[in-house]
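Q: The sequence and its predicted three-dimensional model are supplied below.
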Amino acid sequence: MSDAAVAALRAARAREARQNYARPPTRDPYEEFRAKLRQSAWSPSSSSLSAKKAQPQLDRSRVFFAQDIDPRSYNRVVQTIERRLPELNYAQWSALPLMVVSSWKDSFHGSGSKYPGFVVIPADFSVSGKPPSSNVTSWHP
């Protein structure tokens, strides 16, 4: 290599180094994460929500229906469950998916559950322990 080529290469590397050092320092990702946590809606320090009064919302993407439930009743069942979330202590099991079945007897197979890993609720559930007033019709395509 000639002296002119070496000098040009050194000058280019020096320019590149100056550009790299001139960049503003990046923020600490952990600090950004902590800042977002402080600003989140569920944070106990948030004035908009009280930690004791806050009730999680039902995540409809985690609600599943057994095959024998009539699809026309899905919306009504989900709305009923959403109204009853405080009575069902939803905050304690909100991380688990929910399986809606037609009756309790359809949710067990022998001594175990047909739906392991799910919280199972009959479509015509009653929180009070009294028999439900209306039954959900079964659906057979």
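A: Done, it's in.

Q: CA atoms for contacts and neighbours, from now on please.
A: Fine.

Q: Got the phi and psi for residue 115?
A: Main-chain torsions, residue 115, degrees, to the nearest 10: phi -130, psi 70.

Q: I'd like the numbering to begin with 29 instead of 1 from here.
A: Done: numbering now begins at 29, and the last item shifts to residue 143.

Q: ok, it to residue 136 distance?
A: 8 Å (C-alpha to C-alpha, to the nearest Å).

Q: got it, and residue 120?
A: As judged by C-alpha to C-alpha, residue 120 and residue 136 stand 22 Å apart.

Q: Which one's more surrounded, those two?
A: residue 136 (14 against 9; other C-alpha atoms under 10 Å).

Q: where do the helices sit along the chain?
A: Along the chain, counting by DSSP state H, helices occupy 31-50, 57-67, 102-111, 118-121.

Q: Of all those, which one is nearest residue 87?
A: helix 102-111 (9.6 Å; C-alpha to C-alpha).
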